[in-house]
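> pasting the sequence and the predicted coordinates here, then a few questions.
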Amino acid sequence: MFKKEKFFPALVVGFSLAVLSLVPIIQITSCCLLAPLAGIIGINLYYLQMKNIENFKLQSSDGVQIGILTGIITGFFESILQSILILVSKTNPVYESIIFLQKYFSEEQIPGLLWQISRELDEKRFSFALSFILFINTTIIYSIFTTIGSLIAVSKINKRNLNI
């Protein structure tokens, strides 16, 4: 079960990661570099918050929980922010992807869902299916990589505490 003390660090780094993931150049490094870094920062924030509590010991389960929670929060905020960007920019990234795919595949090989999402974006400037896919994708990817970073941080903090 998640403790309320784990929510604030996950919220701070999750929202920060979601915002940074929207910046075009930084977006390239968001999953493999920024997500583990967010996990490390999240665990350090949690540790700073909890270290003065008597009998507190940082455990691997704390790292896993903060990593997963950060991934969920990042997925939530990134899917919302991406949808807002698509709405405001009046571009259709799905149609641009379809044009790219047509260079390599015949029109019958391109999934109908892509065409449906593209039409929704042209007509309404919003697609629930696209937002849902973005949420699931970012949640899974970021949960994995932030958990890796969190576990590394737990290991380093516990190792440092043994040497003191």
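Cool, the structure landed.
> can I see the domain layout of this protein?
4-89+126-163, 91-124 (automatic domain parsing).
> ends of the first one, what's the gap?
Right, domain 4-89+126-163. 29 Å (CA to CA, to the nearest Å).
> go on, the shortest one?
The first residue of domain 91-124 is 12 Å away from its last residue (CA to CA).
> list the buried residues of that domain.
N92, V94, Y95, I98, L114, I117, S118, E120, L121 (16 or more other CB atoms under 10 Å). (C-beta placed from N, C-alpha, C; glycine too.)
> secondary structure and distance to N44 for the residues you listed - can I get that in CSV?
Shown next, in CSV, are those (DSSP: H, G, I helix; E, B strand; the rest coil; distance: CB to CB, whole Å):
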residue, secondary structure, distance to N44
N92, coil, 40
V94, helix, 38
Y95, helix, 42
I98, helix, 43
L114, helix, 41
I117, helix, 39
S118, helix, 42
E120, helix, 41
L121, helix, 39
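> distance to N52 for those residues - can I get that in JSON lines?
Formatted as JSON lines, those follow (distance: CB to CB, whole Å):
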{"residue": "N92", "distance to N52": "52"}
{"residue": "V94", "distance to N52": "50"}
{"residue": "Y95", "distance to N52": "54"}
{"residue": "I98", "distance to N52": "55"}
{"residue": "L114", "distance to N52": "53"}
{"residue": "I117", "distance to N52": "50"}
{"residue": "S118", "distance to N52": "54"}
{"residue": "E120", "distance to N52": "51"}
{"residue": "L121", "distance to N52": "50"}
